[in-house]
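Novice: Structure of the sequence below:
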Amino acid sequence: MITPKQLLQILPLAGPLADTFAPLISLAAEEFDIRPGRELAMFVAQAGHESSHLRRIEENLNYTRADRLMLIFPRAFRSQVAAAPYCNQPQRIANRAYAGKGGNGDEASGDGWRFRGRGLFQITLRNGYAACSEGLFGDPDVLLANPDRLLDSEAAARSAAWYWMANNCGLPAARGDIRAVTRIINGPACVGINERTALYEAACAVLGVAKC
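Specialist: Residues are numbered from 1 along each chain as shown. Here you go, the predicted structure:
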């Protein structure tokens with residue numbers, strides 16, 4: 001169980017969202033067997049980074065610079081010439097960047113935008129939504145029919161806890177292995193590792209947990 005006060009101490013930019021999410025995170029952690037201690041501290045830290053302190057539960061795809069698009073989506077945007085026409089067009093960016101991945105159709109299908117990242121851990125791609133929907137609702141079609149359901153605060157928290165359980169994040173989390181957990185959630189580049197580490201250390205201090 002994590003209180004709003006504790007959550008705000010860990011994620012100070014969350015503001016009043018701490019009141020909303022503290023009970024939801026506690027319930028989701030219990031539902032998906034995220035254990036108190038290092039595991040819960042790591043979960044909160046990773047969720048805090050992924051959601052910008054709970055303030056963003058929908059992927060921001062409004063990239064304004066071609067070089068940034070090339071950095072984030074190198075396979076989809078291989079050159080300045082290819083990337084430049086997509087700048088400041090989030091829907092087109094999503095449809096190109098996620099085309100043909102994880103069960104998505106081609107760029108024209110619109111699946112990239114339809115199944116863009118949502119929830120505290122940014123569930124992405126058609127297959128990701130189907131698996132999450134099965135885990136949360138026992139039916140893969142619930143989120144496929146209404147992906148925006150993950151913008152609901154309760155579903156956003158539950159989807160992150162489901163992802164944590166489904167991808168066995170608990171084992172490296174129990175060891176305090178920030179990099180291993182980050183690779184599972186965000187990929188091998190470990191983007192944001194410095195903030196993730198700082199938030200984990202804050203969570204351990206607030207929750208009275210030994211870091212390793």
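
Novice: for Phe115, what are its contacts?
Specialist: Neighbouring residues of Phe115 by CB atoms under 8 Å, 6 or more residues apart in numbering: Tyr98, Gly102, Asn104, Thr124, Leu125, Arg126, Gly128, Tyr129, Pro147. From N, CA and C alone the C-beta is placed, and that goes for glycine too.

Novice: how's the protein carved up into domains?
Specialist: 4-57+153-207, 66-114 (automatic domain parsing).

Novice: Let's have those domains in TSV, adding mean neighbour count and distance to Leu120.
Specialist: Compiled in TSV, the domains of the chain are given as follows (neighbours: other CB atoms under 10 Å; distance: least, CB to CB, whole Å):
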stretch	mean neighbour count	distance to Leu120
domain 4-57+153-207	19	4
domain 66-114	17	19
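
Novice: Of the ones you listed, which is nearest Val142?
Specialist: Closest approach to Val142 among these is made by domain 4-57+153-207 (9.8 Å; CB to CB).

Novice: Grab the most central residue of this protein for me.
Specialist: By CA atoms, centre = their mean, the mean C-alpha position of the chain lies nearest to Phe121, the distance being 1.6 Å.

Novice: Contacts only, for that residue.
Specialist: Gln46, Ala47, Glu50, Ser159, Ala160, Tyr163, Trp164, Ile185.

Novice: Repeat that for Gly208.
Specialist: Per CB under 8 Å, 6+ apart, neighbours of Gly208: none.

Novice: And it, how far from Leu17?
Specialist: 23 Å (CB to CB, to the nearest Å).

Novice: Please identify the residue most distant from the middle of this protein.
Specialist: Val81 (30.2 Å).

Novice: Which helix or strand contains that one?
Specialist: helix 80-83 (DSSP states H and E).

Novice: now Leu143
Specialist: Assigned by DSSP H and E, Leu143 falls in helix 141-145.

Novice: Quick one: list the elements packing against that helix.
Specialist: helix 126-137 (3 or more CB pairs under 8 Å, 6 or more residues apart in numbering; DSSP states H and E).

Novice: Would you mind checking the average pLDDT for the helix it packs on?
Specialist: Taken as a whole, helix 126-137 carries a mean pLDDT of 98.

Novice: Distance from the chain centre to it, please.
Specialist: 14 Å (CA atoms, centre = their mean, to the nearest Å).

Novice: quick one: contacts of that helix?
Specialist: So helix 126-137 is contacted by 102-104, 111, 115, 119, 123, 139-144, 147, 150, 155, 158-159, 162-163, 165-166 (CB under 8 Å, 6+ apart).

Novice: Can you tell me which helices and strands the helix holding Val81 packs against?
Specialist: Using 3+ CB pairs under 8 Å, 6+ apart: helix 80-83 touches helix 66-72.
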